[in-house]
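A.B. asks: pasted the sequence and its predicted model underneath.
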Amino acid sequence: MDAAARPVEVVCVGDSITQRGQPSWQYPTYVQQKLGPGFRVTNCGHNGALLTDNASRSSDYYLSTPELKKCKTDSPSPDVVTIMLGTNDSGYWDTAKSTYQAEYAKLVGEFEKLNPRVKIVAATSPSAAAMWGGGLIKGAVIRDQIAPLVRTITQDNGYVLADVNAATASWFTQPDLAVWDMTNFADAGVHPNDAGAKIIADQFVTAIERALASLGATDAGNADAASSADAAIDGDLVAEPEDGAVSRVEDAATATTLPDAAPVVRGPVHEGGALAAADAALAMAAPADGAGCSCRTSSRSSRGTPLGLLGLALAFAFAFRRKRSAAL
């Protein structure tokens, strides 16, 4: 990649399904891997995050979390922000539903202050068990009420949709969400393992590509964008990972590598202060220094290719790549 061209900044906002405890369970790990070194993905998930403010769990209100504050420091001008919040709000939906849409707008506004042209990828939350943690999470509410609302918010505001809920519906074998296939889960029907994280990542990668393509459609190309496109076509920016590839995860100035597969621990997972003991039982401790997918935790200067032009270049690159793959 040309040293003058900055990577596309992608921020992933979410709850414990985003944050997780080990990199192989974090879908941002695989978003980074699949998009390649022309992108820089920052994991801004908060374990137990709520989009709406609930008095009993005020520390989990995402707008007040330290993760959001750190995210703004680490990625001061994001190009794309993905938002996947609602899993925890489902347990308080009787009160949360009246403010969910307004809170969504407030959160988007925080990132628009950083970059008025930021593209928003709005994601429906993954399919979840009907009742988890004694009612802290309610899968039917997520599927039947929150996911449709996120789709409406997306359409009304011109966001790009990542319909994770629909993509993970097959993880459950009965419509009442009482029985699930453990193939993609690390616990009882809520938190994905590495296989599930990769499926979720695929939805985000597709949506991010669409978001960048929509940006590029409004601009004419220039030399910098053309250079970025050439690099992408050559595999420097958006090379597809091969079997057995590793995820490149940056922590401060140190790049670390992550095996494509990792052992899966099954059991209950913490989703807020009320289940701290369960979290400890699952041994989802924070990874050692340099091993976590903050995917990036250091500030970098913004320079080089304008976002819209880079979006156009990437759109052409993606199309060219698919055409070339088909020819092969």
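C.D. replies: Sure, I can see it.

A.B. asks: show me what A162 is bridged to.
C.D. replies: When assigned by DSSP bridges, A162 has beta-bridge partners A123.

A.B. asks: from T154, how far out is it?
C.D. replies: A162 is 9 Å from T154, where distance means C-beta to C-beta, to the nearest Å. The way it works is simple: take the backbone N, C-alpha and C, and place the C-beta from them, glycine included.

A.B. asks: with just CA atoms, put the top helix by length along the chain into PDB.
C.D. replies: Of all the segments assigned as helix in the chain under DSSP state H, the longest by residue count is helix 194-216. Backbone C-alpha positions of helix 194-216 (Å, rounded to 0.1, in the frame of the first residue of the first chain) are rendered in PDB as follows:
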ATOM      1  CA  ASP A 194     -15.100 -18.600  16.500                       C
ATOM      2  CA  ALA A 195     -17.300 -20.300  13.900                       C
ATOM      3  CA  GLY A 196     -20.200 -18.000  14.700                       C
ATOM      4  CA  ALA A 197     -18.000 -14.900  14.800                       C
ATOM      5  CA  LYS A 198     -16.800 -15.600  11.300                       C
ATOM      6  CA  ILE A 199     -20.400 -15.800  10.100                       C
ATOM      7  CA  ILE A 200     -21.200 -12.500  11.700                       C
ATOM      8  CA  ALA A 201     -18.100 -11.000  10.300                       C
ATOM      9  CA  ASP A 202     -19.200 -11.900   6.800                       C
ATOM     10  CA  GLN A 203     -22.300  -9.800   7.200                       C
ATOM     11  CA  PHE A 204     -20.300  -6.800   8.300                       C
ATOM     12  CA  VAL A 205     -17.700  -7.100   5.500                       C
ATOM     13  CA  THR A 206     -20.400  -7.200   2.900                       C
ATOM     14  CA  ALA A 207     -22.100  -4.100   4.500                       C
ATOM     15  CA  ILE A 208     -18.800  -2.200   4.800                       C
ATOM     16  CA  GLU A 209     -18.100  -2.800   1.100                       C
ATOM     17  CA  ARG A 210     -21.500  -1.500   0.200                       C
ATOM     18  CA  ALA A 211     -21.000   1.600   2.400                       C
ATOM     19  CA  LEU A 212     -17.800   2.400   0.800                       C
ATOM     20  CA  ALA A 213     -19.200   1.900  -2.700                       C
ATOM     21  CA  SER A 214     -22.000   4.300  -1.900                       C
ATOM     22  CA  LEU A 215     -19.500   6.900  -0.900                       C
ATOM     23  CA  GLY A 216     -17.500   6.400  -4.000                       C
END
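
A.B. asks: just the buried positions in it, please.
C.D. replies: Burial within helix 194-216, assessed by neighbour count using 16 or more other C-beta atoms under 10 Å, is assigned to 194, 196-213, 215-216.

A.B. asks: what does stretch 131-148 give?
C.D. replies: Neighbour counts using 16+ other C-beta under 10 Å place 131-133, 136-139, 141-143, 145-147 of stretch 131-148 among the buried residues.

A.B. asks: okay, these in CSV with pLDDT next?
C.D. replies: Converted to CSV, the buried residues of stretch 131-148 look like this (pLDDT from 0 to 100):
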residue, pLDDT
M131, 95
W132, 94
G133, 92
L136, 95
I137, 97
K138, 97
G139, 97
V141, 98
I142, 98
R143, 98
Q145, 98
I146, 98
A147, 98
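
A.B. asks: now, those residues that are in helices?
C.D. replies: By the criterion of DSSP H, membership of these in helices covers 139, 141, 147.

A.B. asks: identify the residues contacting the last one.
C.D. replies: Going back to what we said before, that points to A147. Remark: with contacts taken as C-beta atoms under 8 Å, 6 or more residues apart in numbering, A147 is in contact with 86, 124-125, 163, 165-166.

A.B. asks: closest one of these to Y27?
C.D. replies: The shortest gap between Y27 and any of those belongs to S125, at 12.1 Å (C-beta to C-beta).

A.B. asks: please verify my assumption that that closest one contacts V164.
C.D. replies: Yes: when contacts are counted by C-beta atoms under 8 Å, S125 is listed as touching V164 (6.6 Å).

A.B. asks: what is in contact with these two at once?
C.D. replies: Counting by C-beta under 8 Å, 6+ apart, the shared contacts of S125 and V164 are M84.

A.B. asks: contacting residues for H191?
C.D. replies: H191 makes contact with 16-17, 20, 25, 185, 269, according to C-beta under 8 Å, 6+ apart.

A.B. asks: can you redo the residues you listed as a markdown table with pLDDT?
C.D. replies: Conversion of the contacts of H191 to a markdown table gives the following (pLDDT from 0 to 100):
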| residue | pLDDT |
| --- | --- |
| S16 | 96 |
| I17 | 97 |
| R20 | 89 |
| W25 | 94 |
| F185 | 94 |
| V269 | 32 |
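
A.B. asks: spatially nearest residue to A167, not counting backbone neighbours?
C.D. replies: When the adjacent residues along the chain are set aside, A167 lies closest to Q203, with 5.2 Å between them (C-beta to C-beta, 6 or more residues apart in numbering).
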